[in-house]
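A.B. asks: Pasted the sequence and its predicted model underneath.
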Amino acid sequence: MLASFVGFYSLIFGLGISLLIIFFSIKNFKKSNILDSKILTFSFLQMFLVFVSFFGLILSFINSDFSNETVFNNSHTTKPLFYKISGTWGNHEGSLLLWLLVLTLFIFIFLVNSKNQLIKYRILTVIFQQIIIIGFFIFLLKTSNPFSYLFPIPEEGLGLNPILQDPALAIHPPILYLGYVGSSIIFSSVLAATTLNYINSNWAKHIKGWVLISWIFLTLGILLGSIWAYYELGWGGFWFWDPVENVSLMPWLALTTLFHCILVLEKRSLFKSWIIILSIATFTLSMCGTFLVRSGILNSVHTFANDPGRGLFILSFLFVLIFISIFIFFVFHKSDNKNFSPIFFLSKETSIVINNWFMMYFLSVVLIGTVYPIFLDVLSSQKISVGPPFYHKLIIPFLIPFLIFMAIGPRLKWIKSELKNKLSLFVLLIISVLASIFIVKNFETNYLLNSILVGSAFYLFFITVRDFFSKKTKKLSQNMAHFGFSLLILSILFNNIFSNEIITNLKVGESYKVDNLEIVFDDLTKENKKNYVSYTGVFSIKDENFENILKPELRIYNQPNIITSEADIKVTLFKDNFITINNVQNEDYFNVRYLIKPFMLWIWISVLLITFGGLISLFNKKYE
Amino acid sequence: MNNKIFPIIVISFFIFIFFIFFKGLNNSNTYKPSDNENKIIPKFSAYTFFDNKLVYSDNIFNQKKFYLLNIWSSWCLPCREEHPLIMNLKENSKIEIIGLNYKDKDKNAKKFINDLGNPYSKILLDEDGTKAIEWGAYGVPETFLIFENKIIKKYIGPLNSELILEIESFVK
Amino acid sequence: MKILKLIFITFLVFSLNYLNADEIDFQNKITKNLRCLICQGQSVYDSDSEFAISVKLVVKNKINAGLSEKEIYNFLTEKYGEWILYDPKLNKNTYILWFLPLLIFLFGGAIVIKKFINIR
């Protein structure tokens, strides 16, 4: 109770401090050559207050204080402590508070970390960031107050959705938000830099760190979400092209593109307007994602509390930010066409232009696929679905040239270069084509597309592997990330081509046999756990070479009353054996789904490698 | 000149997007197939519930009167709620009520009828749910009002007294 | 060269439609493309709802009755609307959906090439 009280008033004071910071910033902007220390102090104070508020909410959750409406709606006394805490940000109100916390934390770090930048630029960035922070404060206090008081005080809470009671999903939102919110710093900073005409290589070096931080967290966040979907949703897939997944992919694509452009700006005064647009787009897409997910305008597998009132607020706020950006872009940005320095066609710049071209295409496919149904519904009342086949048809064929460019591009030098080692590039091309034909042929999946795709992924794979051993390779980070990407594409392809599955209905004691494989349903045990009843099936999977015991589980949670199916997965280096059970209505039978998923582990590893590439680049600035 | 047109295009573009999202907020995000359709009823054959005879749809809906096809099941709770209303509708002689028993166990279904009464002139069996799909249904209960081999109106979910009044006004 | 590549890409897009496999694969391919009306974020293939189980059966029966993939889609869209398909059919409602990304690609390509012409 006290915790809620303190939390609420901390928020109000935090909002007040925003106004103070803006006031002092404007005063400071007009005169003085040094940064007013009050700005720094107040930024710290604001972060501290939001932290107190967040901590207050955590305490309310730990103490199961049901006089707090958020706690009542999302917690329960029988829930394990870990999920009481993670429940704090597993709901709409709490997650927004976390957003706010990260927003204030990042602007404080920005201030501390930008000492050698222009004073005016730093102050202006603070002002833009405070506009975003004020927006979130008002959003939180007006439409989604995490500290609403309930009276009479309920005895028991409603509980957290069981599919969210999971370790990966407990840390997924904070990581993802670090990525989203990191892009807000890029947004504020680019607006400030545009106003002051400060988009140059100096700025690029400075903002590159923020781009990398957001990018690393966003990548990790998406990875965690994917891993969770793989083992918790029980369909053995890891990416469903669901709107909620798409909205996290869109800022990622924009951020990846932006990063490549920043690399150019560091070296040459090029693509300035384009970088401004991309920086604005990255944060706008993050916000747009928040809007699409929270407003309930889209229909998705993932459960979120929907409220059109909230949707309207985010929508209005989003468009206020968009119009501010448009205004600043058109009024302050002077594109310097006069001293346009041409690009030589065989140069690193060209390869980055091509990278941008493809990335923007992928982004447009995902964006259009996600929002098109809304447009069609509003304009003509026709309802359609856009699902995986759409994205596959439009993206997969374009991956082939993309992979090949990705293999050749990094070999080019800045400004002007010649392709050296043409012979070895060619030899590797031949090898990858042969390898892919061999693999795809041997497994009777003789599709032209598959073999060309595998071939081009192999091409990138071989070239990056070769470069690990080449002394000339200066960019370990880049080679690592590109190698990771080729591995990712290869793993996904092999996973797709060689996946196998058996779906059948079985009773205890029965078995199912197909080819050499036998699935025996040995036993079913019931166990009462703290907040759920667990039914665990014992299955033995027999083949001529191996025997595995797998124990999938059905959980019947008490609060709220929901059944979840927990897959049992035997992870090995080259394939996962995955089994889930589901109850069949009115029957003693269980629906058993047994999947063999090759190279699953490598999908996760390759994403980690990509992230690792980003980390190297972040910590190894001199080396680059 | 040129550098004025471009901002205007961009701004109008975003205003358009704002407008679409704004309108979209008010639309429901869960999908329901349209319920106002004038479709010809599907052709199918099914076994009857009590005497297990094979009947054809051509011979069921062939008279020039109103038919009400009600998809129900003993395990479906809303079906229990709407059942008394359908019992009342039985009194209306202008309408013939036909039941389609969806994915049920024989024993449970008979108990349901014994406990709550039988408003149906015929009950057809749909053991695997494929007949309901022929009708374009996707859950239980769903109810179809039929006249001259055409579906006049489709009700997704349980009937209530208002909908019963609507059905009676159609029949008049 | 560019035209050649475009022809090549279009060919690839269409070759995707001609994957042939045995019957279960064929059935799975169809049910993966159908959206379940009960749990609306899932495909019929992934879902275990009563509706999805029945749809799987209907698809199987229709395949056995010799209907083509297209005929099965037509059958189901007639009952449940275009919404049930994850792979939207190309018609006046979806021209923009299918062609706008490709137009953006071509437009982007035009900009890229223009940059090259600038140097000469």
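C.D. replies: The structure has been received and is ready for your questions.
A.B. asks: going forward, measure contacts between C-alpha atoms and count neighbours the same way
C.D. replies: OK.
A.B. asks: Now do the contacts for the residue nearest the centre of chain A.
C.D. replies: Centroid-nearest residue in chain A: residue A:222, 3.4 Å away (criterion: Cα atoms, centre = their mean). Residues in contact with residue A:222 (Cα atoms under 8 Å, 6 or more residues apart in numbering or on different chains) are A:172, A:176, A:245, A:248, A:249.
A.B. asks: What does the pLDDT read for residue A:36?
C.D. replies: The model reports residue A:36 with a pLDDT of 78.
A.B. asks: What number of residues are in the vicinity of the nearest residue to it once chain neighbours are set aside?
C.D. replies: Distance criterion Cα to Cα, 6 or more residues apart in numbering or on different chains; nearest residue to residue A:36, sequence neighbours excluded, is residue A:28 at 6.3 Å. Taking other Cα atoms under 10 Å in any protein chain shown as the criterion, the count of residues near residue A:28 is 20.
A.B. asks: Following the chain onward from whichever strand or helix holds residue A:28, which element is next?
C.D. replies: Counting by DSSP states H and E, the element that carries residue A:28 is helix A:2-30. Per DSSP H and E, helix A:2-30 leads on to helix A:37-62 as the next helix or strand towards the C-terminus.
A.B. asks: what residues does chain B put near chain A?
C.D. replies: Neighbours of chain A within chain B, by Cα under 8 Å from any Cα of the partner chain: B:7, B:11, B:14, B:18, B:20-31.
A.B. asks: contacting residues for the residue nearest to residue A:36?
C.D. replies: Shown in contact with residue A:28 (Cα under 8 Å, 6+ apart): A:35, A:36, A:123.
A.B. asks: Residue A:320 versus that one, what's the distance?
C.D. replies: Remark: distance between residue A:28 and residue A:320 (Cα to Cα, to the nearest Å) = 25 Å.
A.B. asks: And residue C:54, by the same measure?
C.D. replies: 48 Å.
A.B. asks: next one: residue A:203
C.D. replies: Computed as Cα to Cα, the residue A:203 to residue A:320 distance reads 26 Å.
A.B. asks: May I ask you to name the longest helix in chain C?
C.D. replies: Identified as the longest helix of chain C according to DSSP state H is helix C:95-119.
A.B. asks: Look up phi and psi at the most centrally placed residue in chain C.
C.D. replies: Residue closest to the average C-alpha location in chain C (Cα atoms, centre = their mean): residue C:87, at 3.2 Å. Main-chain dihedrals, residue C:87, degrees, to the nearest 10: phi -100, psi 90.
A.B. asks: Quick check, it in contact with residue A:390.
C.D. replies: Yes. Counting by Cα atoms under 8 Å, residue C:87 touches residue A:390, with 5.5 Å between them.
A.B. asks: Sticking with the residue in chain C that chain B sits nearest to, tell me its helix or strand.
C.D. replies: Nearest residue of chain C to chain B: residue C:79, at 4.7 Å (Cα to the nearest Cα). Using DSSP H and E, the element containing residue C:79 is helix C:69-80.
A.B. asks: What is that helix packed up against?
C.D. replies: helix C:50-64 (3 or more Cα pairs under 8 Å, 6 or more residues apart in numbering or on different chains; DSSP states H and E).
A.B. asks: Compute the inter-axis angle for the helix it packs on and helix C:69-80.
C.D. replies: Orientation of helix C:50-64 against helix C:69-80 (axes from the mean of the first three to the mean of the last three Cα atoms, to 10 degrees) gives an angle of 140 degrees.
A.B. asks: Give the rounded mean pLDDT of helix C:50-64.
C.D. replies: 90.
A.B. asks: How about that helix and chain B, any contact?
C.D. replies: Yes. Contact of helix C:50-64 with chain B (Cα under 8 Å from any Cα) involves C:50, C:51, C:54, C:55, C:57, C:58.
A.B. asks: which of those come close to chain A?
C.D. replies: Within the residues of helix C:50-64 next to chain B, those near chain A by Cα under 8 Å from any Cα are residue C:50.
A.B. asks: May I see the residues of helix C:50-64 next to chain B arranged in JSON lines, with neighbour count as well?
C.D. replies: Listed next are the residues of helix C:50-64 next to chain B as JSON lines, based on neighbours: other Cα atoms under 10 Å in any protein chain shown:
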{"residue": "C:50", "neighbour count": "16"}
{"residue": "C:51", "neighbour count": "24"}
{"residue": "C:54", "neighbour count": "22"}
{"residue": "C:55", "neighbour count": "24"}
{"residue": "C:57", "neighbour count": "16"}
{"residue": "C:58", "neighbour count": "20"}
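A.B. asks: My guess is residue B:159 contacts residue B:82. True?
C.D. replies: Yes. With contact defined as Cα under 8 Å, residue B:159 reaches residue B:82; the gap is 5.6 Å.
A.B. asks: Compare the two (neighbour count), which wins?
C.D. replies: Between residue B:159 and residue B:82, residue B:159 has the larger neighbour count (other Cα under 10 Å), namely 21 against 18.
A.B. asks: secondary structure class for that one?
C.D. replies: Secondary structure, DSSP: H, G, I helix; E, B strand; the rest coil: residue B:159 is coil.
A.B. asks: quick one, phi psi at it?
C.D. replies: The phi/psi pair for residue B:159 (degrees, to the nearest 10) is phi -80, psi 150.
A.B. asks: what about the least confident helix or strand in chain B by mean pLDDT, near chain C?
C.D. replies: Least confident helix or strand, chain B: strand B:39-40 with a mean of 82, by mean pLDDT, DSSP states H and E. No. Using Cα under 8 Å from any Cα, strand B:39-40 never reaches chain C; the gap is at least 9.5 Å.
A.B. asks: so how far is residue A:366 from the residue nearest to the centre of chain C?
C.D. replies: Taken as Cα to Cα, the span from residue C:87 to residue A:366 is 14 Å.
A.B. asks: What is the neighbour count of residue A:379?
C.D. replies: Quick note: residue A:379 (other Cα under 10 Å) scores 12 neighbours.
A.B. asks: Could you tell me how far the helix or strand harbouring it lies from the centre of the chain?
C.D. replies: Using DSSP H and E, residue A:379 sits within helix A:348-380. Centroid separation for helix A:348-380 versus its chain: 17 Å, with Cα atoms, centre = their mean, to the nearest Å.
A.B. asks: buried residues in the very next helix or strand once past it?
C.D. replies: Next helix or strand after helix A:348-380 toward the C-terminus (DSSP H and E): helix A:388-408. By neighbour count with 16 or more other Cα atoms under 10 Å in any protein chain shown, helix A:388-408 contains the buried residues A:388-391, A:393-408.
A.B. asks: between helix A:388-408 and helix A:348-380, how big is the angle?
C.D. replies: 170 degrees.
A.B. asks: Surely residue A:81 is in contact with residue A:62?
C.D. replies: Yes. If you go by Cα under 8 Å, residue A:81 and residue A:62 touch, sitting 6.9 Å apart.
A.B. asks: The two: which has the busier surroundings?
C.D. replies: Higher neighbour count among residue A:81 and residue A:62: residue A:62, with 23 against 13, using other Cα under 10 Å.
A.B. asks: Beyond the host helix or strand of residue A:450, next helix or strand please.
C.D. replies: Residue A:450 belongs to helix A:448-468 when assigned by DSSP H and E. Heading C-terminal from helix A:448-468, the first helix or strand you meet, by DSSP H and E, is helix A:476-498.
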